[in-house]
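A.B. asks: show me the folded form of this:
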Amino acid sequence: MRNRPQTEFHNHVLTVTVSSDDGRPILDHHAYERLDRTLRQAAEDPETRVVILRGLAGCFCLGGDFAEFLDAGKHRCLIDAVTGLFRTLATFPKPLLASVDGDAVGVGCTILFHCDMVVASSGSTFRVPFVDFGLVPDAATSILAPEKLGYGGAFRFFCLGESLGVEEAMSLGLIAESVEPGRCEERTAELARRLARKPVSALMQTRSLLRGDARHLCERIDREISLFHRALQDDETLRRLKRIARMAA
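C.D. replies: Residues are numbered from 1 along each chain as shown. As a prediction, this is how the structure comes out:
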């Protein structure tokens, strides 16, 4: 994996890197806050017409920072940052694309459900191991996943915690296109440029009509976050998370 600029802007397309501020393929509360701030600025900027989310080279995002899960002193700032980003994703008014090259795990996968199109390289994988961790899904995916994958597909994906390859992810509707390794960002940028050339008002209004009212997503985000926070205070869940953290070290 290699570091890359956190944001790049060309021809009305803003590309945003999903990573920690120190270049790790995870999200801590600082990264949530930065992404939230960047997306809110993009929503208000008339020059920004399309946003692309990308990860580091060879890895999209491996999820949240376990160190913050295990540190009760950081829970409040983590919950506030997570809630802010998820609400911004749910209400974001402009086309949002994702370029996935490699693994998308946990929140690195659930944020993809807010994207209008996801392009993935052929070796990418998708996994949401929340139940294995003793946690619940986030980012309103308890609504978005059944809508996109169907109830059976969503139940299997979240409750079994199995990895999806690109072909299965595409057949379920999680991703829109699969491309050869090395072409993911190029193809996503091509789609973004095509969208950016469309009449702005018509594009945004059509997207809004297709997506519907975001208020129920925000309400579900708050409920999921409350359950997530409660789980982080459970002794059994904390012991499980500590074991997983030691195994991953």
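A.B. asks: pull out the buried residues from the strand or helix carrying Arg246.
C.D. replies: Using DSSP states H and E, Arg246 maps to helix 235-248. By 16 or more other Cβ atoms under 10 Å, the buried positions in helix 235-248 come out as 237-238, 240-241, 244. All C-beta atoms are positioned from the backbone trio N, CA, C, and that covers glycine.
A.B. asks: point out where the protein drops to low pLDDT.
C.D. replies: Across the chain, the ranges flagged by pLDDT under 70 are 1-2, 249.
A.B. asks: same thing but at 80, please
C.D. replies: 1-5, 248-249 (pLDDT under 80).
A.B. asks: so what's the residue nearest the centre of it up against?
C.D. replies: Nearest to the geometric centre of the chain sits Ile111, at 1.9 Å (Cα atoms, centre = their mean). If you count contacts by Cβ atoms under 8 Å, 6 or more residues apart in numbering, Ile111 has them with 18, 53, 61, 89, 98, 139.
A.B. asks: measure stretch 120-130 end to end?
C.D. replies: 22 Å (Cα to Cα, to the nearest Å).
A.B. asks: mind listing what's buried in that stretch?
C.D. replies: For stretch 120-130, by 16+ other Cβ under 10 Å, it's 120-121, 124-130.
A.B. asks: ok, residues contacting it?
C.D. replies: Here stretch 120-130 has contacts from 60, 100-106, 109-110, 112, 136-138, 141, 157-158, 161-166, 169-170, 174-175, 177-184, using Cβ under 8 Å, 6+ apart.
A.B. asks: buried ones among those residues?
C.D. replies: 60, 100-106, 109-110, 112, 136-138, 141, 157-158, 163-164, 166, 169-170, 174-175, 178-179, 184.
A.B. asks: next step: those residues restricted to helices.
C.D. replies: If you go by DSSP state H, those have 109-110, 141, 166, 169-170, 184 in helices.
A.B. asks: coming back round to it: of the buried residues of stretch 120-130, which pair is most distant in space?
C.D. replies: Spatial extent of the buried residues of stretch 120-130 (Cβ to Cβ) is set by the pair Ser121 and Phe130 at 24.5 Å.
A.B. asks: list the contacts of Ala176.
C.D. replies: Ala176 neighbours (Cβ under 8 Å, 6+ apart): 117-119, 170.
A.B. asks: so what does the helix holding Arg246 touch, helix or strand wise?
C.D. replies: Applying 3 or more Cβ pairs under 8 Å, 6 or more residues apart in numbering; DSSP states H and E, one finds that helix 235-248 contacts helix 66-69, helix 130-133.
A.B. asks: just how off-centre is that helix within its chain?
C.D. replies: Offset of helix 235-248 from its chain centre (Cα atoms, centre = their mean, to the nearest Å): 23 Å.
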